[in-house]
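[1] This is the structure alone, sequence omitted:
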């Protein structure tokens, strides 16, 4: 997003045959290209890791100059998971204590 370049796909230059990329305007780059088009820039990123772990994220270019936040720091979203409700509450409590200790 920052450099204005789209890197080539690491593993495949062809989308799945059932994806109609001409209808959507989406492209799977087979080489590094300049990122052209309307701003802000947005991209979807998928990562398939070991053990079946999947990570999908959409990144977007920030505004050219964001005004400084007034008052308390802007809120952040943090996803927390655990195997049980008790473990989830314990993890959330540890995160809240760590955040209060060092805001």
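    Cool, got the structure. Quick caveat, the model's predicted, so the values are computed rather than measured.
[2] for this protein, what spans make up the strands?
    5-6, 33-34, 42-48, 54-60 (DSSP state E).
[3] tell me the most buried of the ones you listed?
    Mean neighbours per residue, mean count of other CB atoms under 10 Å, is largest over the strands of the chain for strand 5-6, with a mean of 14. No exception for glycine: its C-beta is placed from N, CA and C like everyone else's.
[4] re earlier: any chance of the strands of the chain in CSV, plus distance to residue 85 and mean pLDDT?
    Output for those, formatted as CSV (distance: least, CB to CB, whole Å; pLDDT from 0 to 100):
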stretch, distance to residue 85, mean pLDDT
strand 5-6, 43, 86
strand 33-34, 48, 88
strand 42-48, 29, 77
strand 54-60, 24, 81
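[5] Would you mind putting the ones you listed into TSV with distance to residue 86 alongside?
    Below are the strands of the chain laid out as TSV (distance: least, CB to CB, whole Å):
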stretch	distance to residue 86
strand 5-6	45
strand 33-34	50
strand 42-48	31
strand 54-60	27
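[6] looking at those strands, which is closest to residue 96?
    strand 54-60 (24.9 Å; CB to CB).
[7] got the angle for that closest one vs strand 42-48?
    170 degrees (axes from the mean of the first three to the mean of the last three CA atoms, to 10 degrees).
[8] who does strand 54-60 pair up with?
    Next to strand 54-60 in the sheet, as set by DSSP bridges, lie strand 42-48 (antiparallel).
[9] which residue ranges form the helices in the protein?
    With helices called from DSSP state H, the chain shows them at 21-24, 85-101.
[10] could the ones you listed go into TSV alongside mean neighbour count?
    Output for those, formatted as TSV (neighbours: other CB atoms under 10 Å):
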stretch	mean neighbour count
helix 21-24	9
helix 85-101	11
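[11] Which of these comes out lowest on mean pLDDT?
    Among the helices of the chain, helix 21-24 carries the lowest mean pLDDT, a mean of 64.
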